[in-house]
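Chemist: Predicted model and sequence follow; I will ask about them next.
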Amino acid sequence: MSTPTPTPTPTPTPTPTNTNTKLTVAVAKDSSFGFYYQDDLDKFAQLGVKVCYFDALKDKCLPACDGLFIGGGFPEMQLPLLSANHALLNDIKTKIIQGLPSYAECGGLMYLTNKISINGASYPMVGVIDADTQMTSKPIGRGYVQLAPLDAHPWKKVTDKINAHEFHYSKLENINAKTHYAFEVLRGVGVDNKRDGIVKYNLLASYTHLRNLAGNQWVAQFVDFIKTKKTKTL
């Protein structure tokens, strides 16, 4: 009597560990906006998120995206061109008002205000943040900062205290009194020496430059926020 050959157990199909493969984040990258940590951008890819770059000087609209990231840089060096690109300014404003999850740092924050003024001249910007940017001859904020998240912070799982840095030759003026903030500034300057991280619609815009490290995994927090908003619109 022969021994029956055991039937092989089917190998289970691995459960995908990445649930963000359908997400795309538009990132401004040009001569105005170029201050990014490559590790942070790589983290989006590690999480399965596609990064799609756009040029704020030339492109007339955002690429199809689920989230928007405008980093630091030197928008003050390209103000006439940035301000003249009305189509993109209007597109960004419209999409943020419509709820596009967005994050902006320093130069990106400045770009989203009503206008940027330098040497007596003013240039209209996106205008989704109700404040004006004034360029200064000396740095307003320079060095390490420490932030504590406030209740208005839109992301989840935010570290109790965030160590980061700021470097800006500008300040915000004529800030709407009803503005909400994501952070209390424990060390540093931020927007008004007390707070940083303007929150409006699904936008978080800050003078602080975050770095994605073990103690501050902001990329995953932002991606989770995008997923939450995307799920609500399905």
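Modeler: In hand now; what should we look at?

Chemist: mind listing the helices for this protein?
Modeler: 38-46, 79-84, 86-97, 107-112, 218-233 (DSSP state H).

Chemist: Run the angle between the last one and helix 38-46 for me.
Modeler: Put simply, helix 218-233 runs at 40 degrees to helix 38-46, going by axes from the mean of the first three to the mean of the last three C-alpha atoms, to 10 degrees.

Chemist: which residues are contacting helix 218-233?
Modeler: 19-20, 23, 25, 40, 43-44, 47, 49, 66-67, 69, 99, 101, 103, 154-158, 202, 210, 212 (C-beta atoms under 8 Å, 6 or more residues apart in numbering). All C-beta atoms are positioned from the backbone trio N, CA, C, and that covers glycine.

Chemist: Then the first one?
Modeler: Contacts of helix 38-46 with the rest of the structure, by C-beta under 8 Å, 6+ apart, involve 25, 27, 50-51, 210-212, 218-220, 223.

Chemist: ok, back up a step: pull out the buried members of the contacts of helix 218-233.
Modeler: Neighbour-count burial (16 or more other C-beta atoms under 10 Å) applied to the contacts of helix 218-233 gives 20, 23, 25, 40, 43-44, 47, 49, 66-67, 69, 101, 103, 154-155, 158, 202, 210, 212.

Chemist: Just confirm Asn176 contacts Gly127, I think it does.
Modeler: No. Asn176 lies out of contact with Gly127 (C-beta atoms under 8 Å); the separation is 11.8 Å.

Chemist: Which one of those two is surrounded by more residues?
Modeler: Shown here are Asn176 and Gly127; by other C-beta atoms under 10 Å, Gly127 has more neighbours (16 against 12).

Chemist: quick one, what contacts the residue lying closest to that one once chain neighbours are set aside?
Modeler: The shortest distance from Gly127 to any non-neighbouring residue, by C-beta to C-beta, 6 or more residues apart in numbering, is to Asn114 (4.8 Å). Residues near Asn114 by C-beta under 8 Å, 6+ apart: 124-125, 127, 129-132, 174.

Chemist: Flag the shaky bits of the chain, pLDDT-wise.
Modeler: 1-21, 231-234 (pLDDT under 70).

Chemist: if we can go back for a sec, now render the helices of the chain as TSV, adding distance to Gly197.
Modeler: Putting these into TSV (distance: least, C-beta to C-beta, whole Å) gives the following:
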stretch	distance to Gly197
helix 38-46	17
helix 79-84	23
helix 86-97	15
helix 107-112	9
helix 218-233	11
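
Chemist: Looking at these, spot the one closest to Tyr169.
Modeler: Among these, the nearest to Tyr169 by C-beta to C-beta is helix 107-112 (10.2 Å).

Chemist: just how off-centre is the closest one within its chain?
Modeler: 10 Å (C-alpha atoms, centre = their mean, to the nearest Å).
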